[in-house]
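[1] Fold the following and give me the result.
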Amino acid sequence: MTILALLMLCVSAAAGPEVSTFTMSGYVSAVLDSSPEVQQAAAKFEEARSRWKSQAASAWMPTEGFTGSAYPYGHDPSEGYRYKTWGLNRADMSVNTSLNLNLFNGFSDYYKVRQTVLSRDSAEQGLITSRQTRAFEAMRAFYEQSLKGRLLDVARQNLKAQEDYYALTKDLYQHGMKSLSDLLKSETDWR
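    Residues are numbered from 1 along each chain as shown. Next up, the predicted model:
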């Protein structure tokens, strides 16, 4: 995060003395939106949630299947694989339909669904942890940058006060009201 703080310092220094309009919440949301770690954790959570939905549906929903076979180009085994012209006769086709409902399979589906639930919850906690970690780092960088900016302002004010004091001491020295040692001391303080 120190690289990010340095980057923000460079950007603020290049922008000049303008006041930054970045708020802490805006900065944190911008960091969270652009963080690859948060995006990766969100993708893992969505994947785990989709797996859970799929497993729950396959465990409790009925399944149906359709199969069909035909010999449209003439190599029918019932005719000695003799070639016939193209066509789909009813006698040359077969269609099968199946509908299955799993009532009980020794709790196998229950354990599979439970495993995907735990995987989903783990991925969700990973997402929350990643977001909190990145948000904390972003807040720390924001406040560190803010404090460095304030420290820079204080240093500028201190330098201005030292310059003013040096100018006053120099003026008083030129008019004989201060000694050379006072002038040299104020010059040293200013430098």
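[2] hey, let's count contacts and neighbours off CA atoms from now on
    Noted.
[3] next one: whichever strand or helix holds residue 117 to chain centre, how far?
    If you go by DSSP states H and E, residue 117 is part of helix 108-174. Relative to its chain's centre, helix 108-174 lies at 17 Å (Cα atoms, centre = their mean, to the nearest Å).
[4] just checking, what packs against that helix?
    The contact analysis (3 or more Cα pairs under 8 Å, 6 or more residues apart in numbering; DSSP states H and E) places helix 108-174 against helix 2-15, helix 24-34, helix 36-60, helix 180-190.
[5] can you list the weak-confidence ranges in this protein?
    1-20, 71-77, 79, 81-89, 92 (pLDDT under 70).
[6] So the residue most central in space within the chain versus residue 170, what's the distance?
    Here the mean C-alpha position of the chain is nearest to the C-alpha of residue 38 (Cα atoms, centre = their mean), at a distance of 2.6 Å. In this view, residue 38 and residue 170 are 60 Å apart by Cα to Cα, to the nearest Å.
[7] now swap in residue 107 and tell me
    Relative to residue 170, and taking Cα to Cα, residue 107 is found at 93 Å.
[8] out of these two, which sits in the more crowded spot?
    residue 170 (21 against 9; other Cα atoms under 10 Å).
[9] count of neighbours near the residue nearest to the more buried one when sequence neighbours are not counted?
    With Cα to Cα, 6 or more residues apart in numbering as the criterion, residue 170 has its nearest non-adjacent residue at 6.0 Å, and that residue is residue 183. Neighbour count of residue 183, defined by other Cα under 10 Å: 21.
[10] wait, residue 183 sits on residue 167?
    No: using Cα atoms under 8 Å, residue 183 makes no contact with residue 167, being 9.3 Å away.
[11] quick one on the thing from earlier: so which of the helices and strands packed on helix 108-174 is nearest residue 120?
    helix 36-60 (4.7 Å; Cα to Cα).
[12] which residues make contact with that closest one from outside it?
    With Cα atoms under 8 Å, 6 or more residues apart in numbering as the test, helix 36-60 has contacts from 32-33, 101-102, 109-110, 112-113, 116-117, 119-120, 123-124, 126-127, 130-131, 134.
[13] If you compare the directions of that helix and helix 24-34, what angle comes out?
    Per axes from the mean of the first three to the mean of the last three Cα atoms, to 10 degrees, the angle that helix 36-60 makes with helix 24-34 is 60 degrees.
[14] quick one: helix 36-60 to chain centroid distance?
    In terms of Cα atoms, centre = their mean, the gap separating the centre of helix 36-60 from the centre of its chain is 16 Å.
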